[in-house]
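Engineer: Structure for the following, please:
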Amino acid sequence: MSTIRKKINAYAKLLRLPGLGGLAIPPVIGALSVGVHNDLYGLLMLFVIGAFSAIFGFVLNDYADVELDTLVKDLHGKPLVSGDIPRKHALAISFLCVLFAFFFVMILWWGKTLDDLKLLAFIGIFLAGVLGTMYNLYGKKMAGTDFLVALSMALVFLFGALSFGTPTLLTWVIFILTFNQTLHMNAVEGGIKDADHDFIMGVNNIALASGVKVEGTNIFIPLRFKAFGMGIRLCSAVLIFVPFIFYPSKYQIWNVILMALFIAGVLYLSIKLLTIKTFNRGKIQKLIGTQTFLRYSIVPIMLIPFVDLWIALILIVFPLAWYIVLTPLIGERLFRPRM
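Structural biologist: Reported below is the predicted structural model:
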């Protein structure tokens, strides 16, 4: 591999480039939830802000964990651990992401009245940054910090809504769904995926505190952790149908059936993940990756009665297409996230 290509590969991996198609969308969905459909410029600005927010979180996390990551052989391929990217570059990228995020917030609101909603939006995205930073710096030391990063992501979503209007019932439902999904991704999926080496790194998280452990090729997941994981999923499954209860005239039967099928798929894969007996990283990564894209599709399907169908289809297809096109850039296999 040429030096230039190796550098591109390393920076794409550090920035989590293949995942940004989905990770940058929450503020866009926030705006859609308050009725913003045709402001393509505003939605694009929100996507850019969401991208910089996501990159900030991931790069700072890698910067904070580099010394711990060196203890685990499977993590030696991470750009900061391998030395392909200097630590100081990661810190500079994190700082620049903060500057660019708030710069594009200013561009988004340029020429508009700075009302109470925008003030709340600014406070929300500022708090999101603070909570995300606390998680990145202390997430490996204190069990339960997954709630901080979940709230951080939910606030980024809420920023998109508050930037354009007053949050609706739909907004608050998706706010809680965003919180739930991020909490499950970090505490449950991440806890199981990394259970074989988190204890080596001295990590203190919900999974290890609950008794999740790997012995040889076997993994033990206690009932209380299974209940925690499925509790999050079942809560989300109920929430998804709340808009249907309050706006029944907007939904068609095919829309509800489609939501139910996707939810069933997520629940099935969640059960499979929580009931595995053998620690097979490849299988775990595949279960997580497939869940991720099923989960991403549910909210756009729920939004179909409130936005144009083509917008919902873009929200479903775009993150998947982005991921498929850009994953080869970092030398990873599809639907098998390593980091």
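
Engineer: list the buried ones in the one helix or strand residue 102 maps to?
Structural biologist: Under the criterion DSSP states H and E, the helix or strand holding residue 102 is helix 87-109. Of the residues in helix 87-109, those with enough neighbours to count as buried (16 or more other CB atoms under 10 Å) are 89, 90, 93, 94, 97, 100, 101, 102, 104, 105, 108, 109. The way it works is simple: take the backbone N, C-alpha and C, and place the C-beta from them, glycine included.

Engineer: Quick one: name whatever helix or strand follows it.
Structural biologist: Read in the C-terminal direction, the helix or strand following helix 87-109 is helix 116-138, with elements assigned using DSSP H and E.

Engineer: after that following helix, next one along is what?
Structural biologist: helix 146-162.

Engineer: Can you list the helices and strands that that next one packs against?
Structural biologist: helix 26-33, helix 40-69, helix 116-138, helix 169-183 (3 or more CB pairs under 8 Å, 6 or more residues apart in numbering; DSSP states H and E).

Engineer: do that again at 10 Å, thanks
Structural biologist: Applying 3 or more CB pairs under 10 Å, 6 or more residues apart in numbering; DSSP states H and E, one finds that helix 146-162 makes contact with helix 26-33, helix 40-69, helix 87-109, helix 116-138, helix 169-183, helix 206-210.

Engineer: and the ones you listed as CSV, adding mean pLDDT?
Structural biologist: Below are the helices and strands packed on helix 146-162 laid out as CSV (pLDDT from 0 to 100):
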stretch, mean pLDDT
helix 26-33, 96
helix 40-69, 91
helix 87-109, 94
helix 116-138, 94
helix 169-183, 96
helix 206-210, 91
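
Engineer: most tightly surrounded among those?
Structural biologist: Using mean count of other CB atoms under 10 Å, the stretch among those with the largest mean neighbour count is helix 26-33, at a mean of 27.

Engineer: and it with helix 116-138, angle?
Structural biologist: Following axes from the mean of the first three to the mean of the last three CA atoms, to 10 degrees, one obtains 150 degrees for the angle between helix 26-33 and helix 116-138.

Engineer: Distance from helix 26-33 to the middle of the chain?
Structural biologist: Relative to the chain's own centre, helix 26-33 is displaced by 14 Å; criterion: CA atoms, centre = their mean, to the nearest Å.

Engineer: Use 186 as the first number for this chain going forward.
Structural biologist: Sure, I'll start counting at 186 from here, so that last one is helix 211-218.

Engineer: is it true that residue 465 touches residue 457?
Structural biologist: No: the pair residue 465 and residue 457 fails to qualify as a contact (CB atoms under 10 Å) at a distance of 11.9 Å.

Engineer: sorry, back to before: so which of the buried residues of helix 272-294 is the closest to residue 250?
Structural biologist: When the buried residues of helix 272-294 are ranked by distance to residue 250 (CB to CB), residue 275 comes first, at 10.8 Å.
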